[in-house]
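from the sequence below, what's the structure:
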Amino acid sequence: MKMCKNMLFVIFLLGFSFSWGYLPEEGNVTANVGPYFFKTNFKEASTKAGAPLMPGIGLIVNGDVSDHGSLEVAMFHLNKRYLRTDGDFSISELSQVIHITMGYKWWLSRYLSTSLALYSAYPMGNVRVVHNNFPTGTELPTSARDTTEYGFDLALQTQVWRGEKFDVVSEARYSISVTSRDHEEADHYGVFLGLRYLVQEKNPQKPTAEDKKNNTKK
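The predicted model follows:
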């Protein structure tokens, strides 16, 4: 947790110090792709099961509906851990997950935005038990074995660097599971680092400030 806080602090400093912000405009479509470093929020201090920082990959697509709001669709591929406890016993299971969100982004400034989305997650592949101290035959299943998991995603994004074709963005995310089982830890949080590309622009031929200046001289 301390490492994540330090990463966010550095990212925000860079974002506000060295970049020109993105200006949303109705009709624009942007795509963000990059790694997502996350961990499941294991709040149970009594268990020996760990939740290490895990790498994933994400794609976030935004369609601007105004100069202060965008529709957002995102997809993440994760190797996620789940923890379930019963008294002194606990079990932690790992599964590949496709995590899909649909929501809305609010632009607080050119540099800073926040979003709220509904997610559905789909565990797939084999489930691997990474920790289990239940007596044989009494293990409790986790959400790693469910067909679908639902919840909400909260995110705060800032721009780290702005280029001619690509921008670099960072985003802190927290996912709240609303379908977790009894006595289960299934929320996760992390940092997404992405390249943002303008896929579609409403006014691709709009004049720049320099063009306007030259036209005025004429």
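
mind giving me the packing neighbours of the longest strand seen in the chain?
In the chain, assigned by DSSP state E, the strand with the most residues is strand 112-132. For strand 112-132, the elements it packs on are strand 69-86, strand 89-107, strand 149-162, judged by 3 or more CB pairs under 8 Å, 6 or more residues apart in numbering; DSSP states H and E. Just so you know, the C-beta spots here come from the backbone N, C-alpha and C atoms, and that holds for glycine as well.

direction included, what does it pair against?
Paired with strand 112-132 in the same sheet, following DSSP bridges, are strand 89-107 (antiparallel), strand 149-162 (antiparallel).

so can I have JSON lines of those showing distance to residue 129 and mean neighbour count?
Formatted as JSON lines, those follow (distance: least, CB to CB, whole Å; neighbours: other CB atoms under 10 Å):
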{"stretch": "strand 89-107", "distance to residue 129": "6", "mean neighbour count": "20"}
{"stretch": "strand 149-162", "distance to residue 129": "18", "mean neighbour count": "19"}
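
need those in TSV (columns: mean pLDDT).
Listed next are the strands paired with strand 112-132 as TSV, based on pLDDT from 0 to 100:
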stretch	mean pLDDT
strand 89-107	96
strand 149-162	95
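
format these as CSV; extra columns: distance to residue 202.
Listed next are these as CSV, based on distance: least, CB to CB, whole Å:
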stretch, distance to residue 202
strand 89-107, 16
strand 149-162, 19
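
mind putting the helices and strands packed on strand 112-132 in a markdown table, distance to residue 134 included?
Below are the helices and strands packed on strand 112-132 laid out as a markdown table (distance: least, CB to CB, whole Å):
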| stretch | distance to residue 134 |
| --- | --- |
| strand 69-86 | 8 |
| strand 89-107 | 5 |
| strand 149-162 | 22 |
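
now do the contacts for residue 190.
Counting by CB atoms under 8 Å, 6 or more residues apart in numbering, residue 190 makes contact with 4, 36, 37, 38, 39, 53, 56, 172, 173.

go through the residues you listed and name the one nearest residue 118.
residue 173 (13.9 Å; CB to CB).

just the buried residues of the contacts of residue 190.
4, 36, 38, 39, 56, 172, 173 (16 or more other CB atoms under 10 Å).

before we move on, which element is the residue lying closest to the third one once chain neighbours are set aside in?
If you skip the residues right next to it in sequence, residue 38 has residue 190 as its closest partner in space, 2.8 Å away by CB to CB, 6 or more residues apart in numbering. Secondary structure assignment for residue 190, by DSSP states H and E: strand 188-200.
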